[in-house]
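A structural model of the following input is requested.
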Amino acid sequence: MAKAKRKSITSFLEDLFRSNPSLSIDELTSYVQTYVERPDVNKLIRQHYRNITNRVIRTIHNKNGKRRVYADKKLDVYVDVEHENDIDRLKRIRKTLRYQSNGNESAYKLVTKRLAELSGQTVLDFEKNNPCEKDVVG
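Predicted structure coming up:
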């Protein structure tokens, strides 16, 4: 999708979320459908089977229950890290996992912060730094 088109769709969806913080996936999909051209059916079929393959691959675990097969996206292959001998491939997978874990950690912290704010466990920034209140020197 073109960058300009994606930007306009994102802007439109952000406006929708400003008026309602919870929207159904079907509702959002219908809005996006009006902006985007009809997809290639053969490409969708390939994506469908590829998604199923990805889900099955993610279920392959070692005897300790830890996932052991990961994607090397540069080469578009899956790698069983317990049996792989290519150091460069393992480094690329490690880099991808580190990036994903950082993203997941950021999202987790964002949700945790919001939950804490809503439950009153933390003071909101605008309350803490109220410019109307004068510091009393004692």
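
which parts of the chain are strands?
Defined through DSSP state E, the strands belonging to the chain, from first to last, are 69-72, 77-80.

need the winner for burial among these.
Mean neighbours per residue, mean count of other CB atoms under 10 Å, is largest over these for strand 69-72, with a mean of 19. Glycine gets a C-beta too; all of them are placed from N, C-alpha and C.

other residues contacting that one?
Contact with strand 69-72 is made by 54, 57-58, 60, 77-81, 89, 92-93, 96-97, as judged by CB atoms under 8 Å, 6 or more residues apart in numbering.

can you tell me which of those are buried?
Neighbour-count burial (16 or more other CB atoms under 10 Å) applied to these gives 79, 81, 89, 92-93.

excluding chain neighbours, what is closest to residue 62?
residue 68 (4.8 Å; CB to CB, 6 or more residues apart in numbering).

tell me the contacts of that neighbour?
When the contact criterion is CB under 8 Å, 6+ apart, the partners of residue 68 are 60-62, 80-82.
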